[in-house]
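**Student:** here is a sequence with its predicted model. Questions after.
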Amino acid sequence: MIGYLHRGVEKIGENRTYQQFVPYVDRMDYCAAVSNGLGFCLAVEKLLNVEAPPLRASGARDSHRAQPDRQPSDLAGYALPGHRRDHAAVLRDARAGRDLNIYEKYCGARLTTHAFRIGGLEYELYDGFEAEVKAACDFIAPKIDEYEQLLTGNRIWIGRLKGIGVLNAEDCKQYGVTGPMLRAAGVKWDLRKAQPYSGYEQYEFDIPTGENGDTYDRYLVRMEEMRQAIRIVRQAVERIPEGPIMGKVPKVMKPPVGEAYVSIEAPKGELGYFVVSDGTTQPYRVRVRPPSFVNLQSLDKMARGSLVADLVAIIGTIDIVLGEVDR
């Protein structure tokens, strides 16, 4: 499984300028591309010791970039086992779960968006952006209820997921598991609350948790996380102020000698970037802490005692993307 998509992304980052490397991180987790972009930009901004991006850029990041990213990732996280359990209609609906036209209209891409720039945003928001984001939320919200009506109380679904792939809180800590998997084990940990960044302290949202740490609880947590993501988006889109979209960053970036680590709460868990500067236009070292790779190491623990057929559901609720696992 591991090794077939290896592209040496971190080493590529050491042979590109800081701005040139931004599009590469989108290709790691292509279900949450803009979350990857946000994490790297925050790390370089910290390394540059520049002021925070303008409020308009920060609000747009929250409302259009990082939070909507959680929808396709969480949908994929439960739609895969749904598809394998003969719920193909769920997967088809999940693919339509986010309005990709918004991304395309903003930056010209629908998946690997390259939407962020170090210091803010490249493009101004288009006319009607706010209205389209609200419409996308209105479209997705009832879909989540529809998915739950189909699956949550379904006795076949419960029978094949409940008690399968159990990973308790202590196991999560031992394996370094974060994100929905950790919260499904009952640990109420979310970096957006514990270590707020990009203005998350101003939003009201809950941290959903489970009790048993099994595949069924991970499914339930992801369903509720989609609702909370919509809740944040609705708040963020109402608070986008007027003003510039780029902060004061040099056109030729030569951060002072030093290092910076920044982690964010990506849809799959903690996504961290460690960047080392030697004072030139290219990073001396780039290392990524990808949640897909870290969380995947718990598969052996969860799979023991289960059927081979259960592996699909377990992997689905780990919610890996192999582009991020291999990098």
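**Tutor:** Received it, and whenever you're ready, just let me know what you need. Numbers count the residues shown, from 1 in each chain.
**Student:** every contact and neighbour count from this point should use C-alpha atoms.
**Tutor:** Fine.
**Student:** what's the first helix or strand after the lowest-mean-pLDDT helix or strand in the chain?
**Tutor:** Least confident helix or strand, the chain: helix 88-95 with a mean of 43, by mean pLDDT, DSSP states H and E. Counting by DSSP states H and E, the next helix or strand C-terminal to helix 88-95 is helix 100-107.
**Student:** can you give me the buried ones in that next one?
**Tutor:** 102-103, 106-107 (16 or more other CA atoms under 10 Å).
**Student:** from those residues, which single one is nearest Leu42?
**Tutor:** Cys107 (19.7 Å; CA to CA).
**Student:** could you pull out the helices for the stretch 51-200 of the chain?
**Tutor:** 55-60, 70-84, 88-95, 100-107, 129-151, 155-161, 169-175, 180-184, 191-194 (DSSP state H, counting those that start in this stretch).
**Student:** please report how far the nearest residue to Thr280 once chain neighbours are set aside lies from Tyr284.
**Tutor:** Spatial nearest neighbour of Thr280, excluding adjacent residues (CA to CA, 6 or more residues apart in numbering): Lys254 at 5.1 Å. Going from Lys254 to Tyr284 by CA to CA, to the nearest Å gives 11 Å.
**Student:** try Gly243
**Tutor:** 34 Å.
**Student:** next: Tyr126.
**Tutor:** 37 Å.
**Student:** how about low-confidence regions in the chain?
**Tutor:** Across the chain, residues meeting the criterion (pLDDT under 70) sit at 1-3, 51-99.
**Student:** so Lys193 versus Glu265, what's the distance?
**Tutor:** Where Glu265 is concerned, Lys193 sits at a distance of 9 Å (CA to CA).
**Student:** between the two, who's got more neighbours?
**Tutor:** For Lys193 and Glu265, the more surrounded residue by other CA atoms under 10 Å is Glu265, and the numbers stand at 23 against 17.
**Student:** check the secondary structure at Val275 for me.
**Tutor:** strand (DSSP: H, G, I helix; E, B strand; the rest coil).
**Student:** quick check: chain neighbours aside, which residue is closest to it?
**Tutor:** Distances taken as CA to CA, 6+ apart place Val286 nearest to Val275, at 4.7 Å, with adjacent residues excluded.
**Student:** what does the host helix or strand of the one you found rub up against?
**Tutor:** If you go by DSSP H and E, Val286 is part of strand 285-289. Applying CA atoms under 8 Å, 6 or more residues apart in numbering, the contact partners of strand 285-289 are 10-11, 13-14, 270-277.
**Student:** now those residues as TSV including neighbour count and distance to Gln202?
**Tutor:** Below are the contacts of strand 285-289 laid out as TSV (neighbours: other CA atoms under 10 Å; distance: CA to CA, whole Å):
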residue	neighbour count	distance to Gln202
Glu10	17	33
Lys11	15	37
Gly13	23	33
Glu14	20	35
Glu270	22	20
Leu271	23	21
Gly272	21	22
Tyr273	22	24
Phe274	19	26
Val275	24	28
Val276	23	31
Ser277	22	32
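**Student:** report how many residues lie close to the residue nearest to Val275.
**Tutor:** 20.
**Student:** likewise for the one 4 residues further on?
**Tutor:** For Pro290, the number of neighbouring residues by other CA under 10 Å comes to 25.
**Student:** so what's the residue lying closest to it once chain neighbours are set aside up against?
**Tutor:** Distances taken as CA to CA, 6+ apart put Leu271 closest to Pro290, at 5.2 Å, once the chain neighbours are dropped. Neighbour list for Leu271: 36, 39, 263-265, 288-291 [criterion: CA under 8 Å, 6+ apart].
**Student:** give me the phi and psi for Leu271.
**Tutor:** phi -110, psi 120 (degrees, to the nearest 10).
**Student:** who does it form a beta bridge with?
**Tutor:** Counting by DSSP bridges, Leu271 is bridged to Ile264.
**Student:** same deal with the one 5 residues further on?
**Tutor:** When bridges are assigned using DSSP bridges, the partners listed for Val276 are Glu259, Arg285.
**Student:** surely it meets Val262?
**Tutor:** No - if you go by CA atoms under 8 Å, Val276 and Val262 don't touch, sitting 11.9 Å apart.
**Student:** any idea which element the residue nearest to Thr280 lies in?
**Tutor:** Of the helices and strands defined by DSSP H and E, none includes Lys254.
**Student:** count the neighbours of it for me.
**Tutor:** 18.
**Student:** which ones are touching it?
**Tutor:** Contacts of Lys254 by CA under 8 Å, 6+ apart are 48, 279-282.
**Student:** which parts of the helix or strand where Ala229 lies are buried?
**Tutor:** Per DSSP H and E, Ala229 falls inside helix 215-238. Within helix 215-238, the residues that count as buried by 16+ other CA under 10 Å are 215-237.
**Student:** and for stretch 124-135?
**Tutor:** Neighbour-count burial for stretch 124-135 [16+ other CA under 10 Å]: 125, 129-130, 133-134.
**Student:** kindly reformat those as TSV containing distance to Arg160.
**Tutor:** Formatted as TSV, the buried residues of stretch 124-135 follow (distance: CA to CA, whole Å):
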residue	distance to Arg160
Leu125	45
Phe129	41
Glu130	41
Val133	36
Lys134	36
